[in-house]
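> Would you be able to build a 3D model of this:
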Amino acid sequence: MRHNGERLSVGGSGPGGRLGFVLAGLAAMLLTQACSPGSSTSPSAAPSQSSAASASGPNQSQSAAPSVPAGMFVNPVLRDDFPDPFLLRVGDVYYAYATTDVSQNLQLASSPDLVTWETLDDPLPKLPSWSSGDTWAPEVLKTSAGFVLYYTARAPDVVRPDGSVSQCITLAVSEVPEGPFVDSSTEPLVCQADLGGSIDATAFVDSDGSKYLIWKNDGNCCGLPTRFSIQPLTDDGLRLTGKPSDLGIVNDEPWEGGLIEAPTMISADGVYYLLYSANGYDTEFYAVGYATSTNVLGPYVDAPENPILASAWDRPVTSRARGPGHQSVVAADDGKFWMAYHAWDEDAVGYGNFGERTVWIDRVEFAGGKVVVSGPTGDPQPVP
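Presented below is the predicted three-dimensional model:
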């Protein structure tokens, strides 16, 4: 099996509008922190000898959860605002990268078990000269060049159809997964200004070692359709080659609303699974679906059972999670796959309601051309 990112909500809210929501969220976070000191992570595993021993770092805390049996955990596993999570496993350590929290360009945390997390320093302390920030949806690929970080950033000199500046894709490189990542670019790697810009880059390595970059056009900014593109990467992951291809998926289903975004590619048993999120990120209608193909370049066909991870669309309510999405997939020690995603709490959906997008994890399976996600799960689960 092979596997490898903020979005604008429907209604034309551009990067400036999202920044306002983020600032509102930051204000809420500051108020919360002023009333409740402690670390910025709050793992939900039941206390045990092993987890207590590992929670010794200055940025860690072990939440008391006497009702959760030892060896179990409850969602969310990262309880602060940590949107667009991407998980990378390096040896015995999991790294989680996330969209800006305004005080940092990007967020980063590490874990030995996907449950107990320690916050780390900003992995991208400096932006390229052409960007003014608004850094979203980081994802990392290990190549011969080191660790390559693909992310979205604002490009003031690139104007999109509505007259606002575009969000574009760029990359940075580090020798280690913690960073600091260095972006030495003089212009974006990808920016389809006429289509609203380009965001949410994800890298995929096929079974023959071929590398690809997948992303979405940011058309929902400007009343345009949103689609996914794929283009080959050089072996070091630093340059695009050839021409982009359209994957054949567009926001044309009711549950998708005005946009599709956050692509993730997985391959298993000759099937390519293209997972993605859709609808307004700041609503309970945000959800995850997928499409399949037998060719990495597509065309892909939407699964009829979409969405497969949702808190609306007539799906049963299984937890406090609302608007789950922007998924990432990683394998645990036993080879089983877990999906990480962000979600709002049912009492605070959207930054306008002082909500936070916390990180949840649930089991995911790929078999027979189908994807099955066990979530959102609010009940105790075994630690991966």
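
> pLDDT on the strand or helix carrying S166, on average?
Using DSSP states H and E, S166 falls within strand 165-174. Here strand 165-174 scores 98 as its mean pLDDT.

> Return the alpha-carbon coordinates of the next helix or strand after it using CSV.
Note on strand 165-174: by DSSP H and E, the next helix or strand toward the C-terminus is strand 198-205. The C-alpha coordinates for strand 198-205 follow below in CSV (Å, rounded to 0.1, in the frame of the first residue of the first chain):
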residue,chain,number,x,y,z
SER,A,198,-3.6,26.8,-6.2
ILE,A,199,-3.6,25.3,-2.7
ASP,A,200,-3.5,22.0,-0.7
ALA,A,201,-0.5,20.3,-2.3
THR,A,202,0.1,16.6,-1.5
ALA,A,203,2.9,14.4,-2.7
PHE,A,204,2.4,10.8,-3.8
VAL,A,205,5.0,8.1,-4.5
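
> quick one: strands adjacent to strand 198-205?
strand 211-217 (antiparallel) (DSSP bridges).

> can you list the weak-confidence ranges in the stretch 151-300 of the chain?
For the stretch 151-300 of the chain, not a single residue meets the criterion pLDDT under 70.

> hmm, back to that, what's the offset of the strand holding S166 from the middle of its chain?
Between the centre of strand 165-174 and the centre of its host chain there is 15 Å, according to Cα atoms, centre = their mean, to the nearest Å.

> Now do the SS call for the residue nearest to the spatial centre of the chain.
Taking Cα atoms, centre = their mean, the centroid of the chain lies closest to D84, which sits 3.1 Å from it. Recorded secondary structure, D84: coil (DSSP: H, G, I helix; E, B strand; the rest coil).

> Check which helices and strands the strand holding S166 sits against.
strand 146-159, strand 198-205 (3 or more Cβ pairs under 8 Å, 6 or more residues apart in numbering; DSSP states H and E). Heads up, the C-betas are built off the backbone N, CA and C, glycines and all.

> Which parts of the chain are helices?
All helices of the chain, identified by DSSP state H, fall at 15-35, 49-54.

> Lowest average confidence across those helices, which one?
Lowest mean pLDDT within the helices of the chain: helix 49-54, a mean of 31.

> how near is the residue nearest to K336 when sequence neighbours are not counted to R357?
The spatial neighbour of K336 that comes closest, neighbours along the chain excluded (Cβ to Cβ, 6 or more residues apart in numbering), is R363 at 6.5 Å. Using Cβ to Cβ, to the nearest Å, R363 is found at 21 Å from R357.

> Give me the more crowded residue out of these two.
Set R363 next to R357 and count neighbours by other Cβ atoms under 10 Å: R357 wins out with 32 against 17.

> The more buried one contacts D81, doesn't it?
Yes. With contacts counted by Cβ atoms under 8 Å, R357 reaches D81, the gap being 5.7 Å.

> tell me, what's touching those two both at once?
Counting by Cβ atoms under 8 Å, 6 or more residues apart in numbering, R357 and D81 have no contacts in common.

> shouldn't Y150 be in contact with T135?
No. Using Cβ under 8 Å as the test, Y150 is too far from T135 to be in contact (11.4 Å).

> Report pLDDT for V68.
Looking at V68, its pLDDT is 87.

> what's the distance between it and T170?
Distance from V68 to T170, counting by Cβ to Cβ: 41 Å.

> Would you mind telling me which of these two has the busier surroundings?
A direct count of neighbours by other Cβ under 10 Å for V68 and T170 places T170 higher, at 24 against 18.

> So the more buried one sits against P188, correct?
Yes. At 5.2 Å, T170 counts as touching P188 under the criterion of Cβ under 8 Å.

> which residues do these two both contact?
Taking Cβ under 8 Å, 6+ apart as the contact rule, T170 and P188 both touch A153.

> And the closest residue to D282 other than its chain neighbours, how close does it get to V190?
Leaving aside its sequence neighbours, D282 sits nearest to G350 (Cβ to Cβ, 6+ apart; 4.0 Å). As judged by Cβ to Cβ, G350 and V190 stand 29 Å apart.

> how near is V182 to C191?
Distance, V182 to C191, using Cβ to Cβ: 20 Å.

> okay, the two: which has more neighbours?
The neighbour comparison of V182 against C191 (other Cβ under 10 Å) goes to C191, with 24 against 16.

> Next, the contact list for the more buried one, please.
With contacts defined as Cβ under 8 Å, 6+ apart, C191 is in contact with 155, 158, 166, 168-169, 197-198.

> One more: K126?
K126 sits next to 105, 180, 182-183 when contact means Cβ under 8 Å, 6+ apart.

> Can you pull the phi and psi angles for it?
phi -140, psi 140 (degrees, to the nearest 10).

> tell me the pLDDT at it?
With respect to pLDDT, K126 scores 98.

> same deal with A55?
In this model, A55 carries a pLDDT of 32.

> Check the gap between the residue nearest to K336 and L213 for me.
28 Å.

> And for A291?
From A291 to L213 the distance is 18 Å (Cβ to Cβ).

> between the contacts of K126, which has the most around it?
When those are compared by neighbour count (other Cβ under 10 Å), N105 ends up highest, at 24 neighbours.
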